[in-house]
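S.K.: Quick one: sequence and predicted model below, then my questions.
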Amino acid sequence: MMKKIPKRNLVLLATLVAEVVIFGMINPRFWNINILLNSFNDFVGIAIIAFFVTFVIITGGIDISGGSIIGLTSVVTGLLAQVVGMNIWSAALLAVLVGGLCGLLNGILIAYARVQAMVITLGGMLLYSGIALVLVGISGASTYEGISGFSEGFINLANGKLFGIPHSVIVFVVMLLIAYILLHRTRYGRYIYLTGINQNAGEYSGIDTRKIMASTYVLSGLSAGIAGVILTSYLGSSRADFGAEYLMPILTAVVLGGTLITGGKGGVIGTALASIIIGFLKLGLQMGGVQTQYIGLATGFLLIISVALMGGQEIKTSMKRLLTIKKDRGGSLNA
């Protein structure tokens, strides 16, 4: 059974256990299960987006617009519900669809217009945050205070509990299961991997790799929309700057989770474990008395180390493959 679990995930699991032990020794309150479960509210949005950014990066792309889509969908939810007077659940659903449309725009330009993913999603990040600010101005609300006054039922979406388990934990598990099934248990998931490994080979195999690539950005946009609704419910207001600090944690969770930044390799279980590690790291540092402005340093350090390790592992794998080919051909290893 253990042999079927990727070594990377075992390392992440061991890291998570060590993290709990060390921070618990620094502050015993860290071992309180209720505190740990309630802390999911602080990083569930990061995890939700990271699950589907994993899809994007496996295809060889990248999406850095998720944080801006969070702010846009948050403002759309508040605008439709509190200003237009629409039912809150209908407003939330439309806001998620707006996130999907943002992802669709990204996907079409990247997959069909063949524009660099970094350029498009960077432009999208600026565009969507700008639209969110304009919509806040239209609503007449303060940019800093945002749109508030949501119903108790909507606030309970993120802050409630079911059988003593916070809704944020349930959302985390449900989104993880959806992402896992799509990526690891369907033909669509296999097409995503093949697109990332060799797009030309995928095309020759009859796979519409452009459609596959575009669809991953749609899923990323939808997940950002869901994260925006959850964050709006958790904080009780709609603001354009929600998600502004999510970019680095999202990329860190994906890369630390074992997804190769150049595509073709990765998985959502590793991303889930990495998301929890990042969330618990922030909680542990806060409970350990570390000032907030220094916590970002730890996340940045994790991102650099994980990228370096993944890059080194890829170089090592490539060298082994090259040496194996030379041996099979009877060539000289020193050639």
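M.R.: Happy to help now that I have it.

S.K.: Need the residue closest to the centroid of the chain.
M.R.: The chain has residue 50 as the residue nearest its centroid, 1.4 Å off, counting by Cα atoms, centre = their mean.

S.K.: so what's that residue up against?
M.R.: Residue 50 is in contact with 249-250, 253-254, 257, 271, 274-275, counting by Cβ atoms under 8 Å, 6 or more residues apart in numbering. (Glycine included, C-beta is placed from N, CA and C.)

S.K.: What is the nearest of the residues you listed to residue 190?
M.R.: Comparing those against residue 190 with Cβ to Cβ picks out residue 271 as the nearest, at 18.2 Å.

S.K.: Can you check the pLDDT for that closest one?
M.R.: With respect to pLDDT, residue 271 scores 94.

S.K.: go on, residue 94?
M.R.: Looking at residue 94, its pLDDT stands at 95.

S.K.: so what's the closest residue to it other than its chain neighbours up against?
M.R.: Nearest residue to residue 94, sequence neighbours excluded (Cβ to Cβ, 6 or more residues apart in numbering): residue 80, at 6.2 Å. Contact partners of residue 80, counting by Cβ under 8 Å, 6+ apart, are 86, 90-91, 94-95.

S.K.: Please tell me the pLDDT value assigned to residue 80.
M.R.: 91.

S.K.: Need the phi and psi values for it.
M.R.: Per-residue torsions, residue 80: phi -70, psi -40 (degrees, to the nearest 10).

S.K.: Distance check, it against residue 132.
M.R.: 13 Å (Cβ to Cβ, to the nearest Å).

S.K.: that older thread, so for the residue nearest to the centre of the chain, what's the pLDDT?
M.R.: At residue 50, the pLDDT value in this model is 95.

S.K.: ok, the residue nearest to it when sequence neighbours are not counted - how many residues close by?
M.R.: With Cβ to Cβ, 6+ apart as the criterion, residue 50 has its nearest non-adjacent residue at 4.0 Å, and that residue is residue 253. The tally of other residues near residue 253 (other Cβ atoms under 10 Å) stands at 32.

S.K.: Settle this for me: residue 253 is touching residue 276, isn't it.
M.R.: No - Residue 253 is beyond contact range of residue 276, at 9.0 Å (criterion: Cβ atoms under 8 Å).

S.K.: What about residue 258, how many residues nearby?
M.R.: A count of nearby residues for residue 258, using other Cβ under 10 Å, gives 25.

S.K.: Throw the contacts of residue 50 into JSON lines and include secondary structure and distance to residue 202, thanks.
M.R.: Output for the contacts of residue 50, formatted as JSON lines (DSSP: H, G, I helix; E, B strand; the rest coil; distance: Cβ to Cβ, whole Å):
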{"residue": "249", "secondary structure": "helix", "distance to residue 202": "31"}
{"residue": "250", "secondary structure": "helix", "distance to residue 202": "26"}
{"residue": "253", "secondary structure": "helix", "distance to residue 202": "26"}
{"residue": "254", "secondary structure": "helix", "distance to residue 202": "22"}
{"residue": "257", "secondary structure": "coil", "distance to residue 202": "24"}
{"residue": "271", "secondary structure": "helix", "distance to residue 202": "23"}
{"residue": "274", "secondary structure": "helix", "distance to residue 202": "27"}
{"residue": "275", "secondary structure": "helix", "distance to residue 202": "29"}
